[in-house]
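J.: Task: produce atomic coordinates for the following.
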Amino acid sequence: MALEVIQLSEYLPNKSVGWTFSNQIIRSATSVAANYRAVCRAKSDKDFISKMETVIEEADETLFWLEMIEDSGVLNEDFGLQNLKIETNELISIFVASVKTVKHRLNQKPSIPNLK
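T.: As a prediction, this is how the structure comes out:
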């Protein structure tokens, strides 16, 4: 997704609104990629959840900027915007499901009594 967003940004207008959209969406989309990489190195389930929730927030922000670009009408053509929105929604769904699965697993673990 991040690379597609970078490519999309090349078509944004070379004026204030285009610069703002480009800057914001590139930051959020590349943050999804970088933070997902950190998720893959999580040290525990709680670390996984924390890092993945950051990924979800950044993916949702990317979706916001895609919607803003679409709603503002700054692009005369689609330039893959619809496909990016679909892909971003699908990624958010996968990330949310992953967090739910790990949270469920954590809640199912029997607690170990505190032995003194």
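
J.: Now do stretch 43-58, average pLDDT.
T.: Stretch 43-58 carries an average pLDDT of 97.

J.: Which residues outside that stretch are in contact with it?
T.: 28-29, 31-32, 35-36, 38-39, 42, 92, 95-96, 98-99, 102-103, 105-106 (C-beta atoms under 8 Å, 6 or more residues apart in numbering). C-beta coordinates here come from the backbone N, C-alpha and C atoms, glycine included.

J.: What is the helix or strand where residue 100 lies packed up against?
T.: Applying DSSP states H and E as the criterion places residue 100 in helix 81-108. In terms of contact count using 3 or more C-beta pairs under 8 Å, 6 or more residues apart in numbering; DSSP states H and E, helix 81-108 is assigned the packing partners helix 2-9, helix 45-72.

J.: now with 6 Å?
T.: Judged by 3 or more C-beta pairs under 6 Å, 6 or more residues apart in numbering; DSSP states H and E, the packing partners of helix 81-108 are helix 45-72.
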